[in-house]
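Visitor: what follows is a predicted protein model with its sequence.
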Amino acid sequence: MDQDRATAGRKGLYFLLIIPFIGTLFPAFYASATPTLWGFPFFYWYQFLWVIISSVITGLVYLIAR
């Protein structure tokens, strides 16, 4: 019984992988030049930030689910 609950909890972790998809789903939200970060327009650094966030989330899900 506890193993079934643990398995269901791990499957719920996969929903965390949807977060980066939602964060980049609407380009109209982040398609602007301001604010800038070290000279980079918002559009570019926002997407790059999601690359880092996606890597961390994917790594965590992999480590916990294996």
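Guide: Perfect, I can see it now.

Visitor: per-residue confidence at the most centrally placed residue in the chain?
Guide: The centre of the chain sits closest to residue 20, judged by Cα atoms, centre = their mean, with a distance of 3.1 Å. pLDDT recorded at residue 20 is 92.

Visitor: show me the contacts for it.
Guide: Residues near residue 20 by Cβ atoms under 8 Å, 6 or more residues apart in numbering: 50, 53, 54, 57. For glycine as for every other residue, the C-beta is placed from the backbone atoms N, C-alpha and C.

Visitor: and for residue 33?
Guide: 41, 42, 43.

Visitor: same deal with residue 53?
Guide: 19, 20, 23.

Visitor: let's see which of these end up in helices.
Guide: Among the contacts of residue 53, DSSP state H puts 19, 20, 23 in helices.

Visitor: including distance to residue 64, could the residues you listed go into CSV?
Guide: What follows is the ones in helices among the contacts of residue 53, written out as CSV (distance: Cβ to Cβ, whole Å):
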residue, distance to residue 64
19, 15
20, 17
23, 21
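
Visitor: and which of those residues is nearest to residue 65?
Guide: residue 19 (15.6 Å; Cβ to Cβ).

Visitor: three-state assignment of the closest residue to the closest one other than its chain neighbours?
Guide: In this structure, residue 19 finds its nearest non-sequential neighbour in residue 57, 6.3 Å apart by Cβ to Cβ, 6 or more residues apart in numbering. Under DSSP: H, G, I helix; E, B strand; the rest coil, residue 57 falls in the helix class.

Visitor: pull the number of nearby residues for residue 57.
Guide: 17 (other Cβ atoms under 10 Å).

Visitor: residue 35 versus that one, what's the distance?
Guide: 24 Å (Cβ to Cβ, to the nearest Å).

Visitor: with residue 66 instead?
Guide: With distances taken as Cβ to Cβ, residue 66 is found 39 Å from residue 35.
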